[in-house]
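Q: Any chance you could fold what I've pasted below:
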Amino acid sequence: MLPESVVQGGEKYWSWELETMDPEQRKELILQRIQSQLSYVYENLPFYRDHYDKHGFHPSMVKTLDDFSEKVPIITKKMLVENQAHNPIFGSYAGNFSMEEIERIQGSSGTSGTPTLYCVSRKDWERSAEISARALWSIGVRAQDIVQISFPFSLFFAGWGVLQGVERIGATAFPLGVTDSERQLALMDKVGSTVFSATPSYAIHLISVAKQMGLDLRKNKVKKLFVGGEPGGSLDSVRQVIEDGWGADVYESGSCSEMYPFNTSTTCEAKAGVHLYLDEVYSEIVDKDDPNRRLPMGERGAIVYTHLWRQSQPMIRFWPGDESYMTDEPCSCGRTYPRLPEGVLGRLDDMVIIRGANVYPSAIDKILRSVSGVGPEYQVILEKQLGGLDEITVRLEYDPEVYNHLTPGGKAESLDNLAKEAAHKLKTGIGIRFSVEVIEPGELPATVVKAKRVIDRRKQR
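A: Sure, this is the predicted structure:
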């Protein structure tokens, strides 16, 4: 059943009341939910009660949103993992739910060892479907669409949120998941998918694969791409590469496993960044070195998230290590939620210090995607010279469609110019010198889910 705002003809908004609410009124509702959640976790979840007692905090101390930011201690992934190890299987922050009340058991990817397990109650899972539907509706997904989902369907949440939203709207789901790229494209044409969902890196990778197959993605039926899972979808240069290659509009949604539902921030039709659904997940931008100091609009800092409704493993002031900045300037779409103008810029723990400069992989990606003729794959190799100076080499593939028709001499000269242009833009944009090596297409592993492009060999010496 569609929500009342849609049934009554509100085609633009899934929930007109929530999406266009006066921001001051929304803050009042958020404060009420925060106070309710703080009481709930303190009274029912030993993890939070012990954590708050240790820091001398009590829920009664929060009278305002400023109190919440200034007085409530953060939690981290490391704390959750350690708590689960001592309180298997879901930790002492799971809530008092019987297995009959648990709808899903999901988990982290577990790349560093045993995965963190997440339990989601039936009520929380149903609410997730509603929020995911709101996100997909805001980018124009409707019942007549066929949505092809190429995120993995596994222990990791990944594509489950997209699937929930598609089903809630009543659109047709094509949950193909992770498969070989040629099959993705062949079945896309055969089925007639109108919406495609993947990581930005994989969407760019498929542009190259389509060219190799002799396909023009701009001629298929996909008119919208819904990307997430990594930074990039709200960066102008990255989005432009995808839109040019697909002939379709790109929208971004984001969150993290701990903060499921995933789609609690979404690009609207204005493409002016991702709107933050603060009435579902309250988001703050705080000082990187002081998580109890909230930063003003426009200033870059760390993101801290809080579940306002979820009661199975709720996250209260969770620090995922992501960096961004926020604006509350009015958006032409009419939604009154604040926005992250460029989405999540990157992870603080992905940041590398090169010759004294803080460098984020997303900044390198943004610059390289603005250089014409760069292929879908590249690597950044960090090494230390004998004298102790950091050496940075970017190995990037070229786009064969741009260069392979040239004579051998003309091609060599053009690729040399490509390397010089990329090096110049990196030096100008980041402030340090990069060596750039242009390599043949296909030399680097293809990105099929999330990209891992920075290889730091400095610690190996």
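Q: end-to-end on stretch 427-437?
A: Chord length of stretch 427-437, first to last residue, is 15 Å (Cα to Cα, to the nearest Å).
Q: Let's check: the centremost residue of the chain is which one?
A: Gly254 (3.6 Å; Cα atoms, centre = their mean).
Q: What values do phi and psi take at that residue?
A: Gly254 adopts backbone torsions of phi -150, psi 160, taken as degrees, to the nearest 10.
Q: next one: Asn83
A: phi -70, psi -40.
Q: ok, now Asp124?
A: phi -70, psi -40.
Q: Tell me how far Pro314 lies from Ser36.
A: To Ser36, Pro314 is 11 Å away according to Cβ to Cβ, to the nearest Å. Glycine gets a C-beta too; all of them are placed from N, C-alpha and C.
Q: okay, these two: which has more neighbours?
A: Using other Cβ atoms under 10 Å as the criterion, Pro314 and Ser36 rank with Pro314 on top: 23 against 13.
Q: distance of Asn87 from Gly95?
A: 12 Å.
Q: same thing with Ala419?
A: For Ala419 relative to Gly95 (Cβ to Cβ), the value is 55 Å.
Q: now Val166
A: From Val166 over to Gly95 (counting by Cβ to Cβ), the distance is 28 Å.
Q: Looking at those two, which has the bigger crowd around it?
A: Per other Cβ under 10 Å, whichever of Val166 and Gly95 has more neighbours is Val166, with 28 against 20.
Q: so where's the stretch 1-150 of the chain uncertain?
A: Within the stretch 1-150 of the chain, the ranges that satisfy pLDDT under 70 run 1-10, 109-114.
Q: mind listing the helices for it?
A: Using DSSP state H, counting those that start in this stretch, the helices assigned to the stretch 1-150 of the chain run over residues 4-7, 16-19, 23-44, 46-54, 65-71, 77-86, 122-138.
Q: any idea which of those is most buried?
A: Mean neighbours per residue, mean count of other Cβ atoms under 10 Å, is largest over the helices of the stretch 1-150 of the chain for helix 122-138, with a mean of 22.
Q: Tell me the gap between that one and the middle of its chain.
A: Centroid separation for helix 122-138 versus its chain: 17 Å, with Cα atoms, centre = their mean, to the nearest Å.
Q: Equivalent analysis for stretch 370-377, please.
A: Distance, centroid of stretch 370-377 to centroid of chain: 22 Å (Cα atoms, centre = their mean).
Q: in it, what counts as buried?
A: 370-371, 373-377 (16 or more other Cβ atoms under 10 Å).
Q: Looking at those, spot the one nearest Lys12.
A: Ser370 (32.2 Å; Cβ to Cβ).
Q: Assign the nearest residue to the closest one once chain neighbours are set aside to helix, strand or coil.
A: The shortest distance from Ser370 to any non-neighbouring residue, by Cβ to Cβ, 6 or more residues apart in numbering, is to Ser237 (4.0 Å). Classification of Ser237 using DSSP: H, G, I helix; E, B strand; the rest coil returns helix.
Q: what number of residues lie near Ser237?
A: 14.
Q: ok, it - contacts?
A: 366-367, 369-370 (Cβ atoms under 8 Å, 6 or more residues apart in numbering).
Q: tell me the domain ranges of this structure?
A: According to automatic domain parsing, the chain comprises the domains 19-344, 351-460.
Q: highest average neighbour count across these?
A: Mean neighbour counts for the domains of the chain (mean count of other Cβ under 10 Å) peak at domain 19-344, with a mean of 19.
Q: ok, now which ones touch the closest residue to Ile131 other than its chain neighbours?
A: In space, and not counting its chain neighbours, Ile131 is closest to Pro261: 4.7 Å by Cβ to Cβ, 6+ apart. Shown in contact with Pro261 (Cβ under 8 Å, 6+ apart): 127-129, 131-132, 161, 164, 255, 280.
Q: For the residues you listed, give me TSV that also has distance to Asp349.
A: As requested, the contacts of Pro261 are exported to TSV (distance: Cβ to Cβ, whole Å):
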residue	distance to Asp349
Arg127	30
Ser128	27
Ala129	31
Ile131	27
Ser132	27
Gly161	24
Gln164	29
Ser255	17
Glu280	26
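Q: Identify, from the residues you listed, the entry nearest to Leu215.
A: Gly161 (28.7 Å).
Q: Just checking: what are the partner strands of the one helix or strand Leu225 maps to?
A: Assessed by DSSP states H and E, Leu225 sits inside strand 224-227. The pairing partners recorded for strand 224-227 under DSSP bridges are strand 195-198 (parallel), strand 249-252 (parallel).
Q: Next, format the ones you listed as a markdown table and append distance to Ala451 and mean pLDDT.
A: Formatted as a markdown table, these follow (distance: least, Cβ to Cβ, whole Å; pLDDT from 0 to 100):
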| stretch | distance to Ala451 | mean pLDDT |
| --- | --- | --- |
| strand 195-198 | 12 | 96 |
| strand 249-252 | 15 | 95 |
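Q: what's the closest of those strands to Glu437?
A: strand 195-198 (27.9 Å).
Q: which stretches of the stretch 351-461 of the chain have low pLDDT?
A: For the stretch 351-461 of the chain, the ranges with pLDDT under 70 are 355-357, 385-389, 459-461.
Q: what about the strands in it?
A: Assigned by DSSP state E, counting those that start in this stretch, the strands in the stretch 351-461 of the chain fall at 352-354, 357-359, 374-384, 390-398, 435-439, 454-456.
Q: packing partners for the first one?
A: By that I understand strand 352-354. Judged by 3 or more Cβ pairs under 8 Å, 6 or more residues apart in numbering; DSSP states H and E, strand 352-354 is in contact with strand 357-359.
Q: what about 10 Å?
A: strand 357-359, strand 374-384, strand 390-398, strand 454-456 (3 or more Cβ pairs under 10 Å, 6 or more residues apart in numbering; DSSP states H and E).
Q: Make a markdown table out of the ones you listed and add distance to His58.
A: Output for the helices and strands packed on strand 352-354, formatted as a markdown table (distance: least, Cβ to Cβ, whole Å):
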| stretch | distance to His58 |
| --- | --- |
| strand 357-359 | 37 |
| strand 374-384 | 46 |
| strand 390-398 | 48 |
| strand 454-456 | 43 |
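Q: Pro296: which of the ones you listed is closest?
A: With respect to Pro296, and counting by Cβ to Cβ, the nearest of these is strand 357-359 at 20.8 Å.
Q: now the helices: where do they sit in the stretch 301-450 of the chain?
A: 361-368, 400-403, 408-430.
Q: any chance of the ones you listed in JSON lines, with distance to Val41 too?
A: Shown next, in JSON lines, are the helices of the stretch 301-450 of the chain (distance: least, Cβ to Cβ, whole Å):
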{"stretch": "helix 361-368", "distance to Val41": "33"}
{"stretch": "helix 400-403", "distance to Val41": "55"}
{"stretch": "helix 408-430", "distance to Val41": "42"}
